[in-house]
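**Q** okay, structure incoming, though there's no sequence with it:
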């Protein structure tokens, strides 16, 4: 099992004292704490700091930790220029890059696609074809590319990534169509379903699609995106999640909890709940701390890192406590 930390790059957090350089410093801190990876999200309407810029700085300040996007929106960047940018970033990171990619939230992302001039109705095709183009360019193939939405009669050479063929690319969807596409075309699966059974069933579908496409069942890395808040008091934890979901999504926690896994409780309780997803197949769990204030975030991080220093979440789950709340 591997554990990652989502860096607090949302404007709601940055307005409370965060800074770009501080996020790169935090990546180095997370490496020292024992986290396996650090991640940044990407959005236009829910404004966040630009992730590739921060990850480039983090690459120069770290040696071991994996750097990832959770999730990058390829439609917001020109596909060819993005291929060059991502290959350069992979070189800076010495092959430590993972690209979680997505096609936005239903309807909520429509305005973002309109802004960048990409047809919202073809967003999934645009995503798949962009990834296919990246992989072709990263292999040195500059032949003309003609898909359903992307058409290039001429393609330039781009820098080659440090990792042959380019960094692993993880898909984030959980609809039946998204699960099938993930199994056929992607290297990993990064969802956030609030129910463990949904995760288990989705993973089985992904693996079946991978096998049907002539790929091995283990060709897709199963991951999980989980939002957590450590608290010995369930009411305090619930209040923190409410503040976070309203600041981040302008939605109450009751709405977001039906879409995403949200957990609050003691460190041991959180470990036990995450272990349920591990038993369902998750191999890499990304933790997003539901804290807006930098001081609050630092305190939360220290409590989570204590489990890493004591042997990791798996070890903690073996001595799980029964206190806590699942939201």
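**A** Nice, thanks for sending it over. Note that the coordinates shown come from a computational prediction; the quantities given were computed from them, not determined experimentally.

**Q** sec struct for the nearest residue to residue 33 once chain neighbours are set aside, please.
**A** Nearest residue to residue 33, sequence neighbours excluded (Cβ to Cβ, 6 or more residues apart in numbering): residue 305, at 4.2 Å. All C-beta atoms are positioned from the backbone trio N, CA, C, and that covers glycine. Under the three-state scheme (DSSP: H, G, I helix; E, B strand; the rest coil), residue 305 adopts helix.

**Q** where does the prediction get shaky in the stretch 1-150 of the chain?
**A** Scanning the stretch 1-150 of the chain with the threshold set as pLDDT under 70 gives 11-18, 46-47.

**Q** make it 80
**A** The model of the stretch 1-150 of the chain has pLDDT under 80 over residues 10-19, 45-47, 105-108.

**Q** and the strands in it, which stretches?
**A** 2-6, 37-40, 66-72, 97-101, 145-146 (DSSP state E, counting those that start in this stretch).

**Q** could you pick out the longest strand of the protein?
**A** Under DSSP state E, the strand in the chain containing the largest number of residues is strand 221-230.

**Q** which strands border that one, and is each parallel or antiparallel?
**A** According to DSSP bridges, strand 221-230 has the following sheet partners: strand 188-189 (parallel), strand 262-265 (parallel), strand 284-289 (parallel).

**Q** could you dump the ones you listed to TSV with distance to residue 101, mean pLDDT and mean neighbour count?
**A** Listed next are the strands paired with strand 221-230 as TSV, based on distance: least, Cβ to Cβ, whole Å; pLDDT from 0 to 100; neighbours: other Cβ atoms under 10 Å:
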stretch	distance to residue 101	mean pLDDT	mean neighbour count
strand 188-189	10	98	26
strand 262-265	23	97	25
strand 284-289	14	97	24
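
**Q** so which of those gets nearest residue 30?
**A** Closest to residue 30 of the strands paired with strand 221-230 is strand 284-289 (Cβ to Cβ; 10.2 Å).

**Q** now do the closest one: distance to the chain's middle.
**A** Relative to its chain's centre, strand 284-289 lies at 8 Å (Cα atoms, centre = their mean, to the nearest Å).

**Q** equivalent analysis for stretch 159-179, please.
**A** That offset, for stretch 159-179, works out to 11 Å (Cα atoms, centre = their mean).

**Q** same check on stretch 210-217?
**A** 23 Å.

**Q** now do stretch 149-160
**A** Per Cα atoms, centre = their mean, the centroid offset for stretch 149-160 relative to its chain is 26 Å.

**Q** pull the residues that contact that stretch.
**A** For stretch 149-160, contacts defined as Cβ atoms under 8 Å, 6 or more residues apart in numbering pick out 79-80, 83-84, 87-88, 91, 119, 122, 125-126, 129-130, 133, 137-138, 140, 142-146.

**Q** which of the residues you listed fall within helices?
**A** Among the contacts of stretch 149-160, the members found in helices (DSSP state H) are 79-80, 83-84, 87-88, 91, 125-126, 129-130, 133, 137-138.

**Q** residue 27 is nearest to which of the strands paired with strand 221-230?
**A** strand 284-289 (13.7 Å).

**Q** could you tell me the angle between the closest one and strand 2-6?
**A** 30 degrees (axes from the mean of the first three to the mean of the last three Cα atoms, to 10 degrees).

**Q** can you tell me what sits against strand 284-289?
**A** 1-6, 8, 36-37, 39, 68, 70, 188, 190, 221-229, 274, 277-278, 297, 300-301, 304, 313.
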